[in-house]
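Colleague: Return atomic coordinates for the entry below.
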Amino acid sequence: MRTGNVADLDVDLVIEEDGRSNLPSPPQTSASQTSAKQTGTIDYLIERFALVKGRLQYDDRQKHLSAVLPISSIRIVGDRLTRRHQVQLAADAGEVTMQDRKVDLDRVTGEPVFGVEERPVPQSDVPGEFTSPTQPFPLKPPMLGKHDYKPEDLVTAADTTEAHAAACRDLIEKSGGVINRGPYTPWAYRAPGAAPRTALNFPGDIGGTDWGGISGDPNTGYIFVNTLNYGSLGWIEKRPETSRVPYDRASAWGNPVASKFWDRKVNAQNQLLGEQSWPCQKPPWGQFTAINANTGDIVWQVVLGITDELPDGRKNTGRINMGGSIATAGGLVFIGATNDKRFRAFDGKTGKELWVTKLDNSAIAVPMTYEAKGKQYIAITGSGGGGITDPDTTRNESLYVYSLP
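Modeller: Predicted coordinates:
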């Protein structure tokens, strides 16, 4: 655990998985800061930790103290849906990122352009775990990916194949059913010896919008975002006394196998077949969206990716995607990202697919563009990977370059 003096302006803070932290006391006077430096760092055991009405609030289990720090003096780094966060006290304004939501901030004031409201969210029932009673939701644009699940969302043979649908029904049965109470559904607690009690979260472990980021066209003011609809399911269970952590995740898939909501397939060498492991909720599984940055409205949204193994009429499922897009001055948007081995070009104004080519491997990457001798080129790598493609025994990693007219 890293610690620092409470008088420091920029202090690295860590909340460990067992609740321990070196979170300092609230800002103090100069005299008390001098005293704090003389006595060294303070190590609290955190009972509660939450963002409440723009402030960081926590309770100390050991010393029975409560403290509230203004949001303007903190920065939180880390995935909100995990139990480990880094918190920094800093002199500049704090920032909080949220999964699969786009927040437009005024570049001068840092205030949300379209507004953000606090909404009640489901609470954890894991012993000793505290979750914030509310979370911030941007008013515009709306959520881009899937954030909830209902029983009627389970895939059927009419959506894909009977074999796929049967495997997904079997996963639900082995999981003891699934619990989803909307956005920020926490992992369910499974008591020792109890039957499976499984939470299903959207977006899942690999996010809704991923590391590929977004692209934009300054001529139209449109921002282009690709999303994937992968769920994660499982529970939190007590671990043996000799374990490194008191609680850990598990699921019907076991522990520590990635607990995705899918029909998981492997080859004879037990290697994951990511392209053939289809999600268990109804399509679409991947989407591409244009947002008007000036209004916060969705301009267009299309299904991104196809499933070649399905018959005509069912192929347009969308695909799991990791990577990003690039927008050109000519109004085109290029994107690979999907695990169907395709590279596509869209009309940035309408969302119409103008061109598509099939690659040797999926382009889990972000395209680039450059100019040479007065001609513009678009390039992208195709090598698979990301845990969402099939193994490539040829180890074929290629750079594809295309010229624009």
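Colleague: what residues does stretch 238-252 touch?
Modeller: 17-18, 126-127, 129, 171, 174-175, 187, 190-192, 196, 198, 233-237, 255-257, 259 (Cβ atoms under 8 Å, 6 or more residues apart in numbering). The way it works is simple: take the backbone N, C-alpha and C, and place the C-beta from them, glycine included.
Colleague: contacts for stretch 397-405?
Modeller: With Cβ under 8 Å, 6+ apart as the criterion, stretch 397-405 contacts 328, 330, 332, 343, 359-361, 363, 375-383.
Colleague: Could you pull out the buried residues of it?
Modeller: Residues 400, 402 are the ones in stretch 397-405 that count as buried (16 or more other Cβ atoms under 10 Å).
Colleague: Repeat that for stretch 181-197.
Modeller: In terms of neighbour count (16+ other Cβ under 10 Å), stretch 181-197 has its buried residues at 183-190, 196-197.
Colleague: What count of nearby residues applies to residue 163?
Modeller: Neighbour count for residue 163, taken as other Cβ atoms under 10 Å: 10.
Colleague: Could I get the pLDDT score of it?
Modeller: Note for residue 163: predicted pLDDT of 97.
Colleague: Kindly report the same for residue 177.
Modeller: 96.
Colleague: In contact with residue 376: list those residues for me.
Modeller: 328, 369-370, 403-404.
Colleague: Name the helix or strand for it, please.
Modeller: strand 375-382 (DSSP states H and E).
Colleague: need the longest helix for this protein.
Modeller: Ranked by residue count under DSSP state H, the longest helix found in the chain is helix 162-174.
Colleague: Go through that helix and flag the buried ones.
Modeller: 164-165, 167-168, 171-172.
Colleague: could I get these as CSV with distance to residue 225?
Modeller: Converted to CSV, the buried residues of helix 162-174 look like this (distance: Cβ to Cβ, whole Å):
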residue, distance to residue 225
164, 28
165, 30
167, 31
168, 27
171, 29
172, 30
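Colleague: Sort out which one of those lies nearest residue 263 for me.
Modeller: Set against residue 263, the nearest of those by Cβ to Cβ is residue 167 (4.1 Å).
Colleague: And for that closest one, nearest residue in space, chain neighbours not counted?
Modeller: Closest residue in space to residue 167, ignoring its immediate chain neighbours: residue 263 at 4.1 Å, by Cβ to Cβ, 6 or more residues apart in numbering.
Colleague: repeat for residue 140
Modeller: Leaving aside its sequence neighbours, residue 140 sits nearest to residue 296 (Cβ to Cβ, 6+ apart; 3.1 Å).
Colleague: same deal with residue 192?
Modeller: For residue 192, ignoring the flanking residues on the chain, the nearest one in space by Cβ to Cβ, 6+ apart is residue 238 at 5.5 Å.
Colleague: about what we covered before: hmm, which of the contacts of stretch 397-405 are the buried ones?
Modeller: Using 16+ other Cβ under 10 Å as the burial test, the contacts of stretch 397-405 include 328, 332, 343, 359, 361, 363, 378, 380-383 as buried.
Colleague: per-residue confidence averaged over the strand holding residue 376?
Modeller: Rounded mean pLDDT across strand 375-382 is 96.
Colleague: Using CSV, list the CA coordinates for that strand.
Modeller: Extracted C-alpha coordinates of strand 375-382, given in CSV (Å, rounded to 0.1, in the frame of the first residue of the first chain):
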residue,chain,number,x,y,z
LYS,A,375,-2.7,10.9,-52.3
GLN,A,376,-4.5,9.9,-49.1
TYR,A,377,-4.3,6.4,-47.6
ILE,A,378,-6.1,4.5,-44.8
ALA,A,379,-4.2,1.8,-42.9
ILE,A,380,-5.1,-0.7,-40.3
THR,A,381,-3.5,-3.8,-38.7
GLY,A,382,-5.3,-7.2,-38.7
